[in-house]
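Engineer: Predicted model and sequence follow; I will ask about them next.
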Amino acid sequence: MSDKPLHLFDSRTKERNIARSLITRDEYDAFHGEAEDCSDNAIDIATRFVYSKDAPEQETVVTKDDVRALADEHAAMHRERIGVEEPAAEA
């Protein structure tokens, strides 16, 4: 376990922290390699959106894959904004 603060290993800020040399990619990979994969515990959710008081309600089912795709899209936009290259694909 690293002696660095845990918030530096947050997946939402890892590219920024690596770019600023606060952590290395090896430290990040080692830290997250120790973590248990809990993705099987995730559940699909249904959400109702009401756009105005006169509009009919619409039900939308959001799946784990939808959330992952949005997270990947957000991460790519963030990397572009801060000027960090796309990480290499895992083999």
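Structural biologist: Okay, I see it.

Engineer: Residue 66 - how many residues pack around it?
Structural biologist: 13 (other Cβ atoms under 10 Å). Heads up, the C-betas are built off the backbone N, CA and C, glycines and all.

Engineer: Work out for me the element it sits within.
Structural biologist: helix 64-82 (DSSP states H and E).

Engineer: helices and strands around that helix, which ones?
Structural biologist: With contacts defined as 3 or more Cβ pairs under 8 Å, 6 or more residues apart in numbering; DSSP states H and E, helix 64-82 has these neighbours: helix 14-19.

Engineer: Which element is encountered next along the chain beyond the helix it packs on?
Structural biologist: Downstream of helix 14-19, the next assigned helix or strand under DSSP H and E is helix 25-33.

Engineer: which helices and strands sit right next to that next one?
Structural biologist: Packing partners of helix 25-33 (3+ Cβ pairs under 8 Å, 6+ apart): helix 14-19.

Engineer: What are the buried residues along the helix it packs on?
Structural biologist: Within helix 14-19, the residues scored as buried using 16 or more other Cβ atoms under 10 Å are 14-18.

Engineer: Distance to residue 82 added to those, as a markdown table?
Structural biologist: Listed next are the buried residues of helix 14-19 as a markdown table, based on distance: Cβ to Cβ, whole Å:
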| residue | distance to residue 82 |
| --- | --- |
| 14 | 11 |
| 15 | 7 |
| 16 | 6 |
| 17 | 11 |
| 18 | 11 |
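
Engineer: still on that earlier bit, what are the buried residues along the helix holding residue 66?
Structural biologist: Neighbour-count burial for helix 64-82 flags 75, 79 (criterion: 16+ other Cβ under 10 Å).

Engineer: quick one: average confidence on that helix?
Structural biologist: In this model, helix 64-82 has a mean pLDDT of 82.

Engineer: Give me the contacts around that helix.
Structural biologist: 15-16, 19, 39, 42, 44, 85-86 (Cβ atoms under 8 Å, 6 or more residues apart in numbering).
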